[in-house]
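Undergrad: Provided below are the primary sequence and the corresponding predicted coordinates.
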Amino acid sequence: MNHFEVGLEEITALMHKDLLDKYDVMAIIDANKKNRHGLVGLGKTNFGLLLALKLNPYFWIPDNMIIRDNYLHFLRCLNLKVPYTVALWDEMEWFFNKQTWAKPFVKILTPEFMSNRKDYKIWLGIIPWWWFNVEFVRENRPQWRFQMRNRTECEVFIHNGYSDMAEDRWGGYITTIEKIPSVAEEVPALWHMYEAAIAAHPRPCSVDSWCVTALQSMPAEKVWRLIESFFSGNPSIGQSPPKGRKRSKPRGETAKRVISGDTYPLMMNRSEEEA
């Protein structure tokens, strides 16, 4: 039984409001470490897919879901400039685990990920246990945390800035969502697509598939060349920015970003004027 009359509909409505207020949404879906099933098999991916569909019915796995440690797909999602896009990040620990994060090609992208809070995007990170990861990422980036208790229940926390680490370690408790449906039963085609994407991920991982696991075994300069090729050979990737000339004139005011009114119906069937 919910402690408050708050369900998934109210939570997604608040996320939509944050987007309309020009803030990105970042939510973590992890597991209850004390559950007898351990950290896997608790329905994290099932809930992530359900939440993605609630936030944007146009969610599409080939475009919007980062499978395992696919570094190239993460780059694409990070640089995608389409408002209200959902990026469902399966196995997020491959990028922000303390050991993996120390690698230069992963570490260089962290500041960009931490600062892209005005792109009108929705990041949903699926991870076994959020507290195994880099401190300033886990404590400063997400606003929401959904901790799975079992396959049909999860506890919801929201970052409030006054969390008691001894009590719940992150954010304030909001509610418990119960009777989470199975995506495999409700939307079987979507679940089959997810399973196909998992099966298509190469094992063992290879450099050609842009897996973090494979890139870690390469010299850094070779990895940079791959990244530069993604950015159309931009030689500035991984280098210090050029210094400004002395007494140079200040740049003009940056034009305000305009979001097309066509994107609003994708969200809440509301026009820009109504929003």
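TA: Good, I have the coordinates. Numbering: from 1, shown residues only.
Undergrad: count the neighbours of Gln150 for me.
TA: One correction, residue 150 is Asn, not Gln. Neighbourhood size, Asn150 [other C-beta atoms under 10 Å]: 15. Just so you know, the C-beta spots here come from the backbone N, C-alpha and C atoms, and that holds for glycine as well.
Undergrad: for it, give me phi and psi.
TA: Per-residue torsions, Asn150: phi -160, psi -170 (degrees, to the nearest 10).
Undergrad: gap between it and Met218?
TA: 40 Å (C-beta to C-beta, to the nearest Å).
Undergrad: same check, this time on Phe136
TA: Noted for Phe136: a distance of 27 Å to Met218, by C-beta to C-beta.
Undergrad: so the two - more neighbours on which side?
TA: Neighbour count, other C-beta under 10 Å: between Phe136 and Met218, Met218 has more, with 15 against 10.
Undergrad: tell me the pLDDT of that one.
TA: With respect to pLDDT, Met218 has a value of 74.
Undergrad: so what's it up against?
TA: Val207 (C-beta atoms under 8 Å, 6 or more residues apart in numbering).
Undergrad: and it, what element?
TA: Counting by DSSP states H and E, there is no helix or strand that carries Met218.
Undergrad: my read: Ser209 touches Ala200, true?
TA: No - Ser209 is beyond contact range of Ala200, at 9.6 Å (criterion: C-beta atoms under 8 Å).
Undergrad: between these two, who's got more neighbours?
TA: Just comparing Ser209 and Ala200: by other C-beta under 10 Å the higher neighbour count belongs to Ser209, 19 against 9.
Undergrad: what's the separation between the more buried one and Asp69?
TA: For Ser209, the distance to Asp69 - C-beta to C-beta - is 9 Å.
Undergrad: same check, this time on Ser217
TA: For Ser217 relative to Asp69 (C-beta to C-beta), the value is 13 Å.
Undergrad: these two - which one has more neighbours?
TA: Applying other C-beta under 10 Å to Ser217 and Asp69 shows that Asp69 carries more neighbours, namely 25 against 9.
Undergrad: dump the residue contacts of Ala214.
TA: By C-beta under 8 Å, 6+ apart, the neighbours of Ala214 are 204-207.
Undergrad: can you put these in CSV and add neighbour count and secondary structure?
TA: As requested, those are exported to CSV (neighbours: other C-beta atoms under 10 Å; DSSP: H, G, I helix; E, B strand; the rest coil):
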residue, neighbour count, secondary structure
Pro204, 8, coil
Cys205, 19, coil
Ser206, 12, coil
Val207, 14, helix
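Undergrad: just how off-centre is stretch 98-118 within its chain?
TA: With C-alpha atoms, centre = their mean, to the nearest Å as the basis, stretch 98-118 stands 13 Å off its chain's centre.
Undergrad: ugh, typo on my part, it should be stretch 176-185
TA: Using C-alpha atoms, centre = their mean, the distance between the centre of stretch 176-185 and that of its chain works out at 21 Å.
Undergrad: mind listing what's buried in it?
TA: If you call a residue buried by 16 or more other C-beta atoms under 10 Å, then stretch 176-185 has these buried ones: 176-177, 180, 183.
Undergrad: and the residue most central in space within the chain, what pLDDT?
TA: Most central in the chain under C-alpha atoms, centre = their mean is Trp123, positioned 2.9 Å from the mean C-alpha point. With respect to pLDDT, Trp123 scores 92.
Undergrad: excluding chain neighbours, what is closest to it?
TA: Met26 (4.6 Å; C-beta to C-beta, 6 or more residues apart in numbering).
Undergrad: what sits up against whichever strand or helix holds the one you found?
TA: In the assignment (DSSP H and E), Met26 maps to strand 25-31. For strand 25-31, the external contacting residues (C-beta under 8 Å, 6+ apart) are 15, 18-19, 38-40, 42, 44, 47-48, 51, 55, 92, 121-130, 138, 141-148, 154.
Undergrad: mind checking how far that strand is from the chain centre?
TA: Taking the mean of its C-alpha atoms, strand 25-31 sits 8 Å from the chain's own mean (C-alpha atoms, centre = their mean).
Undergrad: ok, which stretches of the chain are strands?
TA: Taking DSSP state E to define them, one finds strands in the chain at 25-31, 65-66, 86-89, 122-126, 144-150, 153-158, 172-177.
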